[in-house]
Structure formats: structure tokens, C-alpha cells
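Participant: build me a model:
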Amino acid sequence: MKMKVAAEHTISWYRRSLAAYFFLFHTALAAAVAGAVRFFDRVLTSGADFAILVVILGMASIWTWVYHRWLIPPMKEMVRGLTAVTDEIDVSTRVGYRSFHELGRVSHGINRMIKGFYGILLKVRDHSRDISAGIAEMVELSSQSADWSHKISAAMDQFVAALSKQTELARLSGKTAQETAAAARVADGRASESARAAERARRELDKGLRAVAEIRRQIPQTVTAVHDTAAAVEQLGQLSKRVEEIAGWIGHIASQTHLLALNAGIEAARAGEAGRGFAVVAQEVQKLAAETQGAVQQIGGLIDNIREQVEISVARTRRSQSLVDEQEALIHTVATAFDDIADSTADVDRSLTAVAEAYRVMAQGNDTVIHAVDDVVQNAEHLSAAIHEVYAAVQQQTATATAIAAEARRAQERARHLEYEAIRWKGLGG
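Facilitator: Predicted coordinates for the structure are as follows:
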């Protein structure tokens, strides 16, 4: 719009210049004719003078005809060209007059002015289109940036929610690890108590083994005393049967002890609440140890009875030698059973020691887990704070992108309006 106003001002200046030129020319011509008439009116005295006046008037007429023939048409053509630009907003019009005098220069200047204005309008049109296209791309990018910012904000909301949930789960895991560590320490203490109980049972078994060894040491001394006592041999046979039953019971106890040791190993592998089973196993081991001790005492009583019978039937020792040999074999079996019980008790002791060590390692591992969980919670809290800062920055960026998009749309409208003002001139083309 401003360019149009400037063009109209320029063209108006050309038109005023031409009008002034016409006015001055006619005024000068009229003044010259009037002066000539007054001059010749004073000085005309003869027919020759009158002829001179006629010649002057004829020359003036010829000049007037030349003026109207050669000056008025190009001036009118210039006026039509300027009028087409100002009134009809047409920049395709050109002044066709060509000459080397002043009017030709004026005509050439008008054409150059129109051509320059035409070039300006072309540049305005092209630049406005380029600006409009660039702004359209900017609007698209700004809109996309705003959309991506919204999506990022939504994703960050979900991430913050997930991080909060993960932090809460980490706290719960830390609490669970603390409870597990406490339970492991309690189980460690119980396993240690069970190991001490197994050690006591092993010492009692050692006493029984020493007693059996003492019996085995005394049997050769009674060999010569039981050869001639048939009744004593019969009683010794019965007592031997009872000793055999007791030995079988001792073997049964050894078997049960072995099974309990296996169960204790399984319970140790499970850990957790299974630690309560260690107390039960320890009680069973103590019970079996007590029963074994009672059996040993019974064996001691039987051996005392055998000793009494041997004293009674000392003359019958030779005939009872085979029975004494069988008794010695039974005592050997009892000793073997005691050895098996001792081995089983030692295995239980080692298993309980291993279980206690495993619980100590578990407690240490839980402490490590607790520290790791604390680190995870702290890192998650720091990360959450950083994400909130980034979230605020993204929100600010979203607002900025939205404002840029709105301003770009307004600039695009102005560019389109400028393009419209340029292309509405005739002869400019689309």
C-alpha cells in the first residue's frame, strides 16, 4: 500500500510537471502574439509592414500547428500512461513516444519509472510469496514443536508416575530386606544353638562309645569264667537276644538321626521361615541322644548281669565260649552303631554350622541389598527432581512454541496481504 501511494505521488508529480509545461508554453505563445500585435500596431505605416505582420502571424500559426501536431499527442500519450498506472493500477502500459529532445527524455523517464515500479512489484510479490511459504513452514514446525512438547510432557508425566511407583517399591523392598535380615539373624542364632546341642549329643555318644569299649575290653576276661555254666549260658543267650534288640533299636535311632540330618540340610537350604525347623531337628537329636544313652545304660545293666552269671558259671566257660564270641560280636555291632550315630551327629553338626554360616552370609547380603535399595531411592529422588525441572522447561518451551506459531500466523497473514496488494496490479501476472 505504501508503494502504491509513493508511485501515485511520483506519477502525480510527472502530471503536474507536464501541465505546468503546457501552461507555460501557451502563456508564452499568447504573450508573444499579443506583444507582436501591439508592436506592429504602433509601427505599421505601410503595406510592407502589414505584409511583415501577416508573415509573422503565419509563422505563429505554423508554430501553433506544429505544437499541436508534435507536442500535444506525446504529452497526451504520457498522460494516458500515467493515468493507467494511477487510476487503473496497470503497470503493463508503456509510453510509445520516442524522441531525442526533452519530451523524448520525459517519455523515456516515465517508461523507466513504470518499469522500475513493475520490477519492485515483482520483487514484492515474489518476496511476499517466499515469506509466506517460509512462515507457513515456520508455523508447521512451531505446531509440530508444540505437539512434540505436549507429547513429551505427557510421557514425562507417565515417567514420573512410574518412577514414583518404582521408588515406593524400592522402599518396600528395603523394608522386606531388613525384615529378612532380622529373620536371618534370628535363624542364625537358633542354628548356632542347634549346633551346640548337637555337640553335646556327640559328647554323650562319645561316653557311650567309651563304655562299649570298656565292655569289649572286659569280655576276654570273662571267657574262662563262662565255659561250664550252661544255665548262665542260656541266660546269656537270652540276654544276648535282648542286647541284639537293643542294638537294633540303636541302629534304628542311628537311621532316624541320619534322616533328621538330611531334613535339617533341606531346611537350611530353604531359609526364611523354615529356620524354625532347626529347633525341632535339634530337639529330635537330643531326644535320640537321650534314648541312646538309656540304651547304653541298659546295655551296661545287662553286661553287669552277664558278669554275675559269668561268676556263677565260671566252670562252664569252655562250653559257653561260642556264646561269648557271639556276645563279643554283638558288642562290636553296638560299637559300630554308636560309631554311626557319632558320624550322623557330626554330619548334623557340620550341616548346622553350614546353615548358620549361610544365614550369616544371607544377613550380610541383605545388608548390601538394603544399602543398594537406599542408593536406588536417593537416585530416584534426585532423578525425580531433575525431571520436574525438565518438565517445567518443556512447559515453557511449549508456551514459547505456541506463541511463535501464533505470531508466525499473523506474519503470514500480513505477507499474504502484501502479496495481494502486489498481484492486484494489472500486467504483473500471477
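Participant: what about R112, neighbour count?
Facilitator: 10 (other Cβ atoms under 10 Å). For glycine as for every other residue, the C-beta is placed from the backbone atoms N, C-alpha and C.
Participant: T93 belongs to a strand?
Facilitator: No - when DSSP: H, G, I helix; E, B strand; the rest coil is applied, T93 is found to be coil, with no strand at that position.
Participant: my read is that it contacts K115, right?
Facilitator: No - taking contacts as Cβ atoms under 8 Å, T93 lies outside contact range of K115: 10.9 Å.
Participant: more neighbours: which of those two?
Facilitator: Using other Cβ under 10 Å, the more surrounded residue of T93 and K115 is T93, with 18 against 12.
Participant: how near is the more buried one to G119?
Facilitator: Separation of T93 from G119 (Cβ to Cβ, to the nearest Å): 15 Å.
Participant: how about V79?
Facilitator: 23 Å.
Participant: kindly report the same for M78.
Facilitator: 20 Å.
Participant: neighbour count: the two, which is higher?
Facilitator: A count of neighbours by other Cβ under 10 Å puts M78 above the other of M78 and G119, at 23 against 11.
Participant: I'd like the average pLDDT over the helix or strand containing that one.
Facilitator: Secondary structure assignment for M78, by DSSP states H and E: helix 72-86. For helix 72-86, mean pLDDT rounds to 70.
Participant: got it, and stretch 147-163?
Facilitator: On average, stretch 147-163 scores 68.
Participant: gap between A136 and E413?
Facilitator: In terms of Cβ to Cβ, A136 sits 11 Å off from E413.
Participant: those two - which one has more neighbours?
Facilitator: Neighbour totals were compared for A136 and E413, and A136 leads with 15 against 12 (other Cβ under 10 Å).
Participant: which element is that one on?
Facilitator: helix 102-222.
Participant: now for K123, how many residues are close by?
Facilitator: Neighbour tally, K123, other Cβ under 10 Å: 11.
Participant: so how far is E137 from it?
Facilitator: 21 Å.
Participant: cool, and K76?
Facilitator: Taken as Cβ to Cβ, the span from K76 to E137 is 50 Å.
Participant: and for M78?
Facilitator: 45 Å.
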